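Visitor: Got a sequence here, can you build the structure:
(chains A and B)
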Amino acid sequence: MKPTLNWLGDFIDLPTSDPEEIATALDSLGFKVESWERIQHRFSDVVIGRVLEVSPHPNADKVRLTKVDVGGEVLDIVCGAWNFGEGAVVPVAVPGAVLRGDFTIGERAIRGVTSYGMICSEQELELGEDATGIMVLDGDYPDAANRIGQPFESLLPVGDVVFDIEITSNRPDAMSVYGIARELAAYYDVPLRQPDFPLDVYNDEATTTVTILDEVACPRFVGREVHGITVGTSPHRMRARLIAAGVRPINNVVDASNYAMIEFGHPTHAFDRDRLGDTIVVRRAVDGEEVVTLDGVTRTLQTTDIVVADAKRPVAIAGIMGGADTEVSDDTDSALIEAAYWEPPSVLLTSKRFDLRSEASARFERGIDPEACRHAADRVAELLAANAGATIGGVVDSYPAPPTPAVIELPMSEIVRLLGVTVESAQATDLLTRLGFAVEGSDPLTVTVPTRRPDVGRPADLVEEIARLYGFENIPGRLRMGNGQGLPVAERRLRKLRSVMVGAGYHEALNFSFIGTADLDRLGLPDGDAARNAIRVVNPLREEEGVMRTTMLPGLLRAASLNVSRRIEDIQIFEIGKVFLPGSGKLPDQPDRLGFVAAGVRTAGWDRPDSGYDVYDATGLWETIAAAMDLPEPAVQPVQRAPFHPGRAAAVTIDGDIVGTVGEVDPAVASAMGLDGRVIAGEIDVAPLVIDRGPWVFSVPSQYPPQIFDLAFEVGEEVPAAKILDAINDTAGDLLERLEVFDVYAGESLGEGRKSIAVNLTLRAPDRTLSDEETAPLRRSIVAAVESATGGELRGSL
Amino acid sequence: MSIQEALDALRTDAPARVAAAADLEQLAAVEVETVGKRSVIAEGRRGLGAAPETDRKDLGRAINEVAIELESLIAIRRAELEQAAHAEALASDTVDVTLPGRAPKRGTIHIIQQALDEVVDIFVAMGYTVATGPEAETEYYNFTALNFPPAHPTRLEADTLYLDYGDVPEEILLRTHTPPMQARYMEEHDPPVYLVVPGRTYRSDPLDPTHSPVFHQVEGLAVDTDITFGDLKGVLEHFAREFLGSEAKVKFIPHYFPFTEPSAEMHVWHNGDWMELLGCGMVNPAVFEAVGYDPDEVTGFAFGMGADRLAMARHGITDLRHLFDPDLRSMEQYR
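Guide: This next block holds a predicted model:
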């Protein structure tokens, strides 16, 4: 809503004209002022002048010579407009005047005749769009003729202010200048001026009849007839207000309807009475019925749409748009002004289906006041009488279903229960009455809700009304503590997981949860891969965001690629978020995943060589995560799974259950994304990482000396190291304190297809010093276990 | 020369030799000569048994005195020389410490996540717990249970993204806000409830400096037998001071949300202007009815805030798009 201070002044005498104060008042009423602006004129040295003489230009047909009295001086001005004659009072830009902020008017020769200034059009003064002729200061400015020589702006409203106000969707009653004025009147406790025009004097017999066939969709339909319309331009003042309100002036008929809507909030529609039958029917459309609307589009209707029809055909889609063949045109003489109440859901559904949402539909969708229909139609008729020379004819008012105003019992205890402050019943009554509620009794208050307030239906709604006027700032705050359940373990562990990633050098990204199917193609996923079964977004913003992500990898790889393209060398990025997978429940499965990617050059500093990332960085990260998160039996096993390198990726397991994949990305996938060199990535389910596993138990470090020794095994090159490590772990038992692989070697000395894996063991007992004699059998059984598990043999001797 | 004379000579002569030892090697040689096995001192000790019994005691004392004196001189000189040698070794091991150090790699937590965590922590400190909910949500929890009227512009204003899932069109959507979790949590838990819900939300708003189709909210809910609008104000004022500093100035202005009544926005004075920080209100009785709470028995307040905007306001970010652009030059700033 964009009312001006001046327009509000039609209905209320505000105790202040300070826009900032008024904005604060509106804010505290719940009508947030997004901004306010003083309407500035961007011209100077424009004065009121009177045309004394008009004569032809000696050298040109299209312009005329004028002598204009600008108060004590008569200027010769050459003028190209023809819509005035001698005696016309006009705005004159005298030499030195500035228009539009920077366009200076000087003396200049036009076809050999010097023009001393310019007679201005509305457009040149930025007061309207009319550039067809100059602005003649006639009926709109009755005082102008007495002010020859005075500044033109003295005729204009001084320093009017336009407020841009957000109206929440529950307050259709405030979508008007009058509605805003009503709220301000309640706030300042000053009278609200009732609209001042004769409502009941024009009660001629109407020539139209109205039958409402669906009283739910249309509980009221008012038609006011007007005759003898002369379509033309609306008065300046009206157009200026419409422009300020953000509505483009069209002509005096359309403007009257728009003006009345902005003023009182109730949309109306004007039919050309002569093109309309005499019997109006309001009904549901027939499936497949067609109507050509004002915009020239043929609309196919269905039974959920409500239409205004005459005996032959629909003439309007109710509350949304009129029909083309009953539209008011330049030669319209008589009109029927419709002001009806249309049921909000029907209007919403139909306007949404046709994508025809407008200022009018916005009001019907929220619910206007059925009681105001008659008033709205009469206001338009009155404006047409004033501005279009119309005479007001008969009225037809079909009101089969007047609403019963809601009556709410409000116990005074409810106010303190919800607000925490005690409001006396007399004060509550006063506040509600100021807002137009009728109040009886003292406790409970029996409150009758005006029909314009569909949002008020419960005691809590009345408490809000009281609170708004009482002032939220007058309700004291109280710091109320909760019942102390705190951060759940899984949340705490999730934070720890994040800090582990940060400690490992990874930066957290937040990628969108949607991807494109092309992203899945780029991963090289085989047909039938579960990750290809992505849930489609019905109304995506972009095709690249057409499906919900089934894996974290596309976003992360794109992030890596983007950094490479920006010449950033060392890339380590992670993300924790949901993927969306078809499931068996009503909702998709939405597990949280940890994803990571690392690529590029791992810079080591100025004195050491740089390196890259490879699979062991990925598995190592898993080891760090597993250790930090205290995961039971973490392990890895080779896996072949797109988009990973089939020979350099591992499934990661907890207690034998696979919970994710880490490793190098298939070079073909990486290079398709603009990533050179080895790129590592991983994706792991978050739930098993963060579930509450209880507190870990301390084990006392032994104070006794260890036995530390190396073993090297020669095995077939296909033998995984895990076999050796598992055999040692299983055999060494509790004495094994530490086990490290320190060398892997394959070379000619071992022969084709052989490799050597060397490990370093630390054995230590908690309660004694181990002797060689004691551990000798254990060493032998460790070697035997490894040899038997791998088919390899110990290099050297024990 | 008698032993005594030799000792006297040594006593006179040795300190200068000790002092003259220029390095540890020379000092070792001096040590051998003066107190070593062939020294006058060792000789004297060996000869003590042969000395007349009357002299033996005095002579022994004299030998020991000289020995102790010389040994301590040598020890002091050794310490000096060791100190000097150490200093020299360190001096020759000097490097340019202004060259860049080897900093361990340091990652960062996204500032939106930091904001979410920080908001959550402030409420946890006030005795709230935390829950998260599904992002793909039913139309029922996103709208109906929250008292959004059917076929009302409020639903359209939410600019909802729908998923092609299940059999009923427009039933499964990407939640447009976090309050659906209010309803889910209340269905599962009896009052009292003191809850915050951090999470990701969605709208069909194209990405621009102030909008994103993906954004993040923290929802809060307090339900008990005697919660008032005064509690709402007190708790949220406290939050603002914790998050923005003890000087934070706030105001509450009426607003509209279908699921709260009365509803308000809390604005804070930030960088010379009022900034909308969060929406809030008393839980609408219709929501209590939808989840099976008795609105005559309990009252409550709810609030929701955009974590993205909190992060932006605090760190001087004016374009939302930076938060969703995984440029490491941005992320490395997320201290």
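Visitor: could you point out which element follows the biggest helix by length in chain B?
Guide: Under DSSP state H, the helix in chain B containing the largest number of residues is helix B:53-92. Per DSSP states H and E, helix B:53-92 leads on to helix B:111-125 as the next helix or strand towards the C-terminus.
Visitor: what's the spacing between the residue nearest the centre of chain A and chain B?
Guide: Closest to where the C-alpha atoms of chain A average out (Cα atoms, centre = their mean) is A:L541, at 13.0 Å. As for A:L541, its distance to chain B is 5 Å (criterion: Cβ to the nearest Cβ, to the nearest Å). C-beta coordinates here come from the backbone N, C-alpha and C atoms, glycine included.
Visitor: Is that residue part of a helix or strand, or is it coil?
Guide: What DSSP: H, G, I helix; E, B strand; the rest coil gives for A:L541 is coil.
Visitor: I'd guessed it sits against B:P213; true?
Guide: Yes. The pair A:L541 / B:P213 is scored as a contact, 5.6 Å apart, by Cβ atoms under 8 Å.
Visitor: near chain B at all, stretch A:590-605?
Guide: Yes. With Cβ under 8 Å from any Cβ of the partner chain as the criterion, chain B is reached by stretch A:590-605 at A:590, A:604-605.
Visitor: Return that stretch as PDB; C-alpha atoms alone will do.
Guide: Output in PDB follows, covering the C-alpha atoms of stretch A:590-605 (Å, rounded to 0.1, in the frame of the first residue of the first chain):
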ATOM      1  CA  GLN A 590      16.900 -38.100   4.000                       C
ATOM      2  CA  PRO A 591      20.100 -39.300   5.600                       C
ATOM      3  CA  ASP A 592      22.900 -36.900   6.400                       C
ATOM      4  CA  ARG A 593      26.100 -37.500   4.600                       C
ATOM      5  CA  LEU A 594      29.700 -36.300   5.000                       C
ATOM      6  CA  GLY A 595      31.300 -35.600   1.700                       C
ATOM      7  CA  PHE A 596      34.800 -34.400   1.000                       C
ATOM      8  CA  VAL A 597      37.100 -33.600  -1.900                       C
ATOM      9  CA  ALA A 598      40.800 -32.700  -2.100                       C
ATOM     10  CA  ALA A 599      42.700 -31.800  -5.200                       C
ATOM     11  CA  GLY A 600      45.500 -29.800  -6.700                       C
ATOM     12  CA  VAL A 601      48.800 -29.100  -5.200                       C
ATOM     13  CA  ARG A 602      49.500 -29.600  -1.500                       C
ATOM     14  CA  THR A 603      51.900 -26.900  -0.900                       C
ATOM     15  CA  ALA A 604      54.500 -27.800   1.700                       C
ATOM     16  CA  GLY A 605      56.400 -24.500   2.000                       C
END
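Visitor: Stretch A:63-75: how far from the chain's middle?
Guide: 55 Å (Cα atoms, centre = their mean, to the nearest Å).
Visitor: In that stretch, which residues are buried?
Guide: A:63-70, A:74-75 (16 or more other Cβ atoms under 10 Å in any protein chain shown).
Visitor: Need the residues you listed in CSV (columns: secondary structure, distance to B:D55 and pLDDT).
Guide: Output for the buried residues of stretch A:63-75, formatted as CSV (DSSP: H, G, I helix; E, B strand; the rest coil; distance: Cβ to Cβ, whole Å; pLDDT from 0 to 100):
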residue, secondary structure, distance to B:D55, pLDDT
A:V63, strand, 148, 86
A:R64, strand, 152, 88
A:L65, strand, 152, 88
A:T66, strand, 150, 89
A:K67, strand, 152, 89
A:V68, strand, 147, 89
A:D69, strand, 149, 89
A:V70, coil, 143, 87
A:V74, strand, 149, 88
A:L75, strand, 145, 88
